[in-house]
Every structure is written in structure tokens, then in C-alpha cells.
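In: need a structure here:
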Amino acid sequence: MHKDKTIIKKESKARIRKRIRKTVRGTADRPRVHVFKSNRYVYTQAVNDTDGRILASASTLEKAFREEAKNMKNLAGCEKLGEILARRLKDMNIGQIVFDRGIAPYHGRIKAVAEAMRKGGLVF
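Out: Predicted coordinates:
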């Protein structure tokens, strides 16, 4: 029996996610920063995997982001998003992170978020 294309896509995305999460783990002093990119918005969150808690998050839906950036999903908007998350983590005295790109390849908007967090003073 043939599988539906949507089921095949979901299974392949789950395989990629599982492969990345095998090696990328976050702790309290070095959290995992996960980036999710939808067609419309970009979401980031810093996760402590040992406790299963989210330490900080930022997305293009927030009012603080909309005040600083005009467009939500271009490269400049993603750079602003990375700066906002870096500032929030610096306020929590977190200087080192582990970057989790999710299922998206490391280029374009994902790379812009990562480079903005590096400019914000985070080490990874």
C-alpha cells in the first residue's frame, strides 16, 4: 500500500529531528536554543533539557519584536529576533548556548538568527 505524501514528509522530518536531538542537549548553564521557522513566523526558545524547562523565548509574534522590526520574516527581521533573544539570555547571566537548527538547513534566516546571537555576545 502506498503512503500519502504528507505522511512521508512528517516521517522524514521526525527522523531529522531525532538525529539532531541525539547529539544536541541543553543544560541549565548551557541551554539549547531551538529555532523553528514556519511560512509566516520564526520562533526561538532556550531549553534546559535536564529539567525540561524553557528558560527564555522570542518570536516574531511578540509586541516587543514588532516595535523594533517592520518586516517579520526577512533576514533583517531574523537578525533583530536573534538580538532580542541574546539580550534576554544575557540578562539571565547565560553566556554559552548550544544551537539547534531544527529541521531547517543552516542558511538564510536560520543563519541570520545564529549570527545575530553571536554578535549579541553568546558563545556557541
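In: tell me where this protein has strands.
Out: Along the chain, the stretches classed as strands by DSSP state E are 32-37, 42-48, 53-59, 98-100.
In: now do the second one and strand 32-37, the angle between them.
Out: Translated: strand 42-48. Interaxial angle, strand 42-48 versus strand 32-37 (axes from the mean of the first three to the mean of the last three Cα atoms, to 10 degrees): 160 degrees.
In: what's strand 42-48 packed up against?
Out: With contacts taken as 3 or more Cβ pairs under 8 Å, 6 or more residues apart in numbering; DSSP states H and E, strand 42-48 sits against strand 32-37, strand 53-59, helix 75-91, helix 109-119. (C-beta placed from N, C-alpha, C; glycine too.)
In: mind checking how far that strand is from the chain centre?
Out: Its chain's C-alpha centre and that of strand 42-48 lie 5 Å apart, by Cα atoms, centre = their mean, to the nearest Å.
In: ok, S57 touching V47?
Out: No - with contacts counted by Cβ atoms under 8 Å, S57 stays clear of V47, the gap being 9.1 Å.
In: name the residue in those two with the higher neighbour count.
Out: Ranked by neighbour count (other Cβ atoms under 10 Å), S57 and V47 place V47 first, with 20 against 16.
In: show me the beta-bridge partners of the more buried one.
Out: Beta-bridge pairing of V47 under DSSP bridges involves R32, I54.
In: what's the closest non-adjacent residue to R53?
Out: Nearest in space to R53, with sequence neighbours left out and distances taken as Cβ to Cβ, 6 or more residues apart in numbering, is V47 at 7.3 Å.
In: swap that for V123, sorry
Out: Q96 (4.8 Å).
In: picking that back up, and the helices and strands packed on strand 42-48 as JSON lines, adding mean pLDDT?
Out: Output for the helices and strands packed on strand 42-48, formatted as JSON lines (pLDDT from 0 to 100):
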{"stretch": "strand 32-37", "mean pLDDT": "96"}
{"stretch": "strand 53-59", "mean pLDDT": "96"}
{"stretch": "helix 75-91", "mean pLDDT": "95"}
{"stretch": "helix 109-119", "mean pLDDT": "97"}
